[in-house]
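Predicted model, plus sequence, below.
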Amino acid sequence: MMNNLGGKSFILRLEMTNEQMKFAEIAAAVSKSGGDMVAIDVISTSPSFSIRDITVTTDSNSKMDTIIQRVEQLDGVKLLHVSDRTFLLHLGGKIETKPKTPITNRDDLSRVYTPDVARVCMAIHEQPDKAYNLTIKRNTIAVITDSSAVLGLGTIHPNAAMPVMEGKAMLFKQLANVDAFPISLNTRDTEEIIETIIRISPAFGGINLEDIASPRCFEIEERLRKELDIPVFHDDQHGTAVVLYAALLNALRTIGKSIKDVKVVVCGIGAAGVACSKILLAGGVKELIGVDRAGALHREESYDNPIWQWYAEHTNPNAVKGSLSEVIKGADVFIGLSAGGILKREDVQSMAKQPIVFAMANPEPEIKPELIEDIAAVVATGRSDYPNQINNVLCFPGMFRAALDCRAKEINEPMKLAAAEAIASVISDAELSPSYIIPSVFNDQVVPMIRRRVIEAAIQTGMARKIPKDIHHVYNFP
Ligand SMILES: NC(=O)C1=CN([C@@H]2O[C@H](COP(=O)(O)OP(=O)(O)OC[C@H]3O[C@@H](n4cnc5c(N)ncnc54)[C@H](O)[C@@H]3O)[C@@H](O)[C@H]2O)C=CC1
Ligand SMILES: CC(=O)C(=O)O
Ligand SMILES: [Mg+2]
């Protein structure tokens, strides 16, 4: 079954008769259908035929079927199997847990497990905070979803949300050495979600809420922040807002506009759209218009959704009404956090000179960059296969590294702004350009810069319960 989630790479296992072996024809069939043959591996050979794996890449999934059909039609070639490399990477899940020390004899066994472990349990029982020293709590967070807003896929089965949560857990570990447990809840009831998270919280040093739809995500996060003494961070709201703000600061630097003067249209007033709008208001944007499915939110309308009511009262100073195409006219910046393909080239043509377009919906952006690269000054998406990836992955590993290291009670607004400024500052003036406004996820300065700036902000705002040695030493904090 084909989907349409962007470019991909796949492997065709082919049985080829030796006298009719024709790589040139296979390469031509692949190329004519819009693919590239990037590798050939021999699996087995016999006097009359051989079995080979041909790795093919395409720039869109829709071309995959055509390539397969063309290759199947070649004489002397039998298609045995098609493996999608993305699926292969997911076989058996993407992460595992491992003991830190081996258990090789009875003595080890009695220390890590019963009877000696009981002494450790009782030490923590007498002083529960010792969990930070004697359990995984010190370095472990939970990545928790209710599967109601997974990427831009909407509500999907709880099992189906796991690949994204596992992916986030991988990124936490690889980028910031934070251990993360992926958890997909089998409920979408606000009270049950809150109660479940409170009940499982003792194991964790932080909670990363992920892909929980608005408006329930706002209440869930607010209530958990009050109830728990560990940081609770809704990644789609705050991680996205931090990275968006960093990218916008740098994009404006490239075209010489000031954040205080630009007209910004945010499309999709959900979890990410609300948080991004809040950070923009805090950063000084005055003319901000939010658009959702029914058009611009404005103060002359009343909304059942309390966050939309708040939004309408705090944005759109001229109470502009209308569809996205109407309100985007003359805007300097478009920020899409809604759904794929909803922005038209004509909409971008109607924006102010040197428009900035951040089409951040995943997996399909609001508009494909190639459709507007000749008319937009700066274009960014949420994806890793285009330049300028604005994705919360630039924030959450460093943010939780910092929060765990200083044992933060909460992640507050100054800590988020500090993270945004840290990300923006990774790119020097000499490096900055319209196609390089935001560092890559593989830039190894990102996590340490965020960590340092966020810990400083946590200390200065009374959120840190511990001052890591390196920070204490460098800044001479009391
Ligand atoms: N690049 C990044 O780092 C991130 C990207 N996203 C993407 O942003 C999108 C929204 O995510 P969330 O805010 O978590 O979801 P959400 O479900 O909380 O909000 C989505 C909002 O978009 C609106 N919307 C949907 N179709 C629309 C349309 N055609 N026109 C106008 N508004 C429309 C919905 O009514 C809703 O208010 C998703 O595609 C998600 O993948 C979200 C978080 C991070
Ligand atoms: C990137 C991300 O968290 C999302 O698209 O939901
Ligand atoms: Mg998400």
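Thanks, I have it. Ligands and ions are numbered 1, 2, ... in the order given.

which bits of this protein sit near ligand 2?
Residues of the chain found near ligand 2 (C-beta under 6 Å from any ligand atom) are Leu151, Asp211, Asp235, Asp236, Asn362, Gly382, Asn391, Asn392. In short, each C-beta sits where N, CA and C put it, glycine included.

all strands for this structure, in order.
With DSSP state E as the criterion, the chain has strands at 8-17, 35-45, 49-58, 77-84, 140-145, 179-184, 206-209, 232-234, 263-267, 287-292, 295-296, 333-336, 356-359, 378-381.

what's the fourth one packed up against?
Using 3 or more C-beta pairs under 8 Å, 6 or more residues apart in numbering; DSSP states H and E as the contact criterion, the secondary-structure elements in contact with strand 77-84 are strand 8-17, helix 62-72.

Residues touching it, excluding its own?
8, 10-16, 20, 22, 26, 51, 68, 71-72 (C-beta atoms under 8 Å, 6 or more residues apart in numbering).

Can you tell me the closest non-neighbouring residue to Met165?
Pro182 (3.3 Å; C-beta to C-beta, 6 or more residues apart in numbering).

Just the ones of the residues of the chain next to ligand 2 in helices?
Per DSSP state H, helices hold no members of those.

okay, the strands of the chain, which one's buried deepest?
Ranked by mean neighbour count, these are led by strand 356-359 with a mean of 29 (mean count of other C-beta atoms under 10 Å).

In the sheet, which strands lie alongside that one, parallel or antiparallel?
According to DSSP bridges, strand 356-359 forms sheet pairs with strand 333-336 (parallel), strand 378-381 (parallel).

Distance from the chain centre to that strand, please.
When C-alpha coordinates are averaged (C-alpha atoms, centre = their mean, to the nearest Å), strand 356-359 and its chain have centres 17 Å apart.

With just CA atoms, put that strand into PDB.
This file holds the C-alpha atoms of strand 356-359, laid out as PDB (Å, rounded to 0.1, in the frame of the first residue of the first chain):
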ATOM      1  CA  ILE A 356       9.600  34.800   5.100                       C
ATOM      2  CA  VAL A 357       7.700  31.500   4.700                       C
ATOM      3  CA  PHE A 358       8.000  28.900   7.500                       C
ATOM      4  CA  ALA A 359       5.900  26.000   6.400                       C
END
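
For Lys368, give me its contacts.
Ala359.

Check what pLDDT it gets.
pLDDT, Lys368: 95.

mind listing what's buried in stretch 66-73?
Neighbour counts over stretch 66-73 (16 or more other C-beta atoms under 10 Å) mark Thr66, Ile67, Ile68, Arg70, Val71 as buried.

show me the contacts for the first one.
If a contact means C-beta under 8 Å, 6+ apart, then Thr66 has Ser33, Gly34 as its contacts.

got it, and the last one?
Contacts for Val71 (C-beta under 8 Å, 6+ apart) come out as Leu12, Leu14, Ile26, Ala29, Val30, Ile54, Val77, Leu79.

Just give me the closest of those residues to Ala251.
Val30 (37.8 Å; C-beta to C-beta).

Turn the strands paired with strand 356-359 into CSV, including mean pLDDT.
Converted to CSV, the strands paired with strand 356-359 look like this (pLDDT from 0 to 100):
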stretch, mean pLDDT
strand 333-336, 98
strand 378-381, 96
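
Tell me which of these sits nearest to Ala118.
For the strands paired with strand 356-359, the distance to Ala118 is smallest for strand 378-381, at 53.3 Å, taking C-beta to C-beta.

Near Leu394, how many other residues are there?
Leu394: 30 surrounding residues under other C-beta atoms under 10 Å.

Counting neighbours, what do you get for the nearest residue to it once chain neighbours are set aside?
Excluding its sequence neighbours, the residue lying closest to Leu394 (C-beta to C-beta, 6+ apart) is Val243, at 4.8 Å. Applying the criterion other C-beta under 10 Å, we find 28 residues in the vicinity of Val243.

picking up where we left off before, how about the contacts made by the residue nearest to Met165?
Pro182 neighbours (C-beta under 8 Å, 6+ apart): Ile95, Val143, Met162, Met165, Glu166, Lys168, Ala169.

Tell me how far the first one lies from Glu166.
Plainly put, Ile95 is 6 Å away from Glu166 if you go by C-beta to C-beta, to the nearest Å.

ok, these two, which is more surrounded?
More neighbours surround Glu166 than the other of Ile95 and Glu166, with 19 against 16 (other C-beta under 10 Å).

Let me know the closest of the contacts of Pro182 to Ser201.
Closest to Ser201, out of all of the contacts of Pro182 and judged by C-beta to C-beta, is Val143, at 13.5 Å.

phi, psi of Ser46?
The phi/psi pair for Ser46 (degrees, to the nearest 10) reads phi -140, psi 170.

ok, it - how many residues close by?
Using other C-beta under 10 Å: Ser46 sits among 9 other residues.

from here on, count from 423
Noted, 423 is the first residue going forward, which turns the last one into Ser468.

per-residue confidence at it?
On the pLDDT scale, Ser468 gets 89.

returning to that earlier point: near ligand 3, list only the ones from the contacts of Val493.
With the criterion set as C-beta under 5 Å from the ion, no member of the contacts of Val493 is near ligand 3.

Distance to Leu556 and pLDDT for these - can I get that in a markdown table?
Listed next are the contacts of Val493 as a markdown table, based on distance: C-beta to C-beta, whole Å; pLDDT from 0 to 100:
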| residue | distance to Leu556 | pLDDT |
| --- | --- | --- |
| Leu434 | 52 | 93 |
| Leu436 | 56 | 93 |
| Ile448 | 59 | 88 |
| Ala451 | 61 | 89 |
| Val452 | 57 | 92 |
| Ile476 | 53 | 91 |
| Val499 | 61 | 91 |
| Leu501 | 56 | 93 |
